[in-house]
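*Asks:* just a sequence and a predicted model for now, questions to come.
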Amino acid sequence: MSTLSWNCRGLGNHRIVQALRSTVEKEVPILVFLMETKIPRKQQHKMKEIQNSIGFTQGLIVPSEGQSGGLALLWKPETFVNIKGYSKWFIDAEVICGNVQGSWRFTGFYGQPDTSKREETWQILESFGHSNVLPWLCIGDYNEILRARYTWSRHFENGDSVWARLDRALANEEWMRKFANARVVHISTIESDHCMLCLQWGHDTRNRMNTRKLFRFEAMWLRDPRCPEVVSDAWERGLSLSSGFPIHNCLHSCREALKRWNKLEFGHVGRRISALQAHLQRLEQQSELHGEDI
């Protein structure tokens, strides 16, 4: 099982949404907590479209104030979540497990960016702690710096870099005893200057069965002038088959032809992207040795 937390810096960018969808498919979290969605109340239909695209149709959305802030806690219908409270700084909930693990508390937290007012949001967490009786996990962007692995970076034209730990997951002793093998994985992206935090625990619930991968039509194919010819020839081959349904034959022929053409002309784009992201993460880890500790 896992939860995903990300200061995405705006869901209006389709590349941000694509990165989120890709990580959700890979990590299969039960909860997704997003900060700085930058989606105001009048554009909440966009948030619903994003939820549907990643398969997390349930959730609580805190709209942004213009192009500033905005929170979202998302989950799937099979996950039972009871919202306890929320504001522009947090979403507090009880997660109800249907197994022997019982219930636990989840707080998605976004610290006040204004340092002069940051104490206000820390007081919120302090009040939660005084009243809490459940195993408790608190995850998010605290906008506070700790001496630990960096989760935020900024690079300047003169070659200087600043690295800081702003995003983190905290849990009380009860939660740690319940999920003793929990670990935090930092997922680097080129779409945001914040890493995603993936908190993993328990057995690996990701489906690793050898099922046929879903075929997806790549938009980049349309930019290649050879694409119409590939589709046209494949469609004709499908029509020439004497058995089966013509439309099924044509679609199957097009799918297989496009897959072969993509492999020959473009290679495995998904694997290349994954390899580049892994390389980026290694470079960031190496750069930490030269980053400015602030």
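*Replies:* Arrived safely, thanks for sending.
*Asks:* and stretch 222-239, what's its mean pLDDT?
*Replies:* The pLDDT scores in stretch 222-239 average 92.
*Asks:* what comes up buried for it?
*Replies:* Neighbour-count burial for stretch 222-239 flags 227, 230, 231, 234, 235, 237, 238 (criterion: 16 or more other Cβ atoms under 10 Å). All C-beta spots, glycine's among them, are computed from the backbone N, C-alpha and C.
*Asks:* can you show me the CA trace of it as CSV?
*Replies:* Taking C-alpha atoms only, stretch 222-239 is exported to CSV below (Å, rounded to 0.1, in the frame of the first residue of the first chain):
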residue,chain,number,x,y,z
LEU,A,222,0.2,12.5,-35.8
ARG,A,223,3.2,14.8,-36.3
ASP,A,224,4.8,12.2,-38.5
PRO,A,225,3.7,12.4,-42.2
ARG,A,226,4.0,8.6,-42.5
CYS,A,227,1.3,7.9,-39.9
PRO,A,228,-1.7,8.2,-42.3
GLU,A,229,-0.1,5.7,-44.7
VAL,A,230,0.5,3.2,-41.9
VAL,A,231,-3.1,3.4,-40.8
SER,A,232,-4.5,3.3,-44.3
ASP,A,233,-2.5,0.2,-45.3
ALA,A,234,-3.4,-1.6,-42.0
TRP,A,235,-7.1,-0.8,-42.5
GLU,A,236,-7.0,-2.3,-46.0
ARG,A,237,-5.4,-5.4,-44.7
GLY,A,238,-8.1,-5.7,-42.1
LEU,A,239,-10.8,-5.4,-44.8
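*Asks:* helices - which of the buried residues of stretch 222-239 land there?
*Replies:* Those of these mapping onto helices are 227, 230, 231, 234, 235, 237, 238, per DSSP state H.
*Asks:* name the SS class of the residue lying closest to the third one once chain neighbours are set aside, please.
*Replies:* So that's residue 231. Sequence neighbours aside, residue 254 is the residue nearest to residue 231 in space, at 5.6 Å (criterion: Cβ to Cβ, 6 or more residues apart in numbering). Following DSSP: H, G, I helix; E, B strand; the rest coil, we place residue 254 in the helix state.
*Asks:* what is the nearest of the ones in helices among the buried residues of stretch 222-239 to residue 37?
*Replies:* residue 227 (34.7 Å; Cβ to Cβ).
*Asks:* how's the chain carved up into domains?
*Replies:* Domains of the chain are assigned by automatic domain parsing as 2-200, 215-294.
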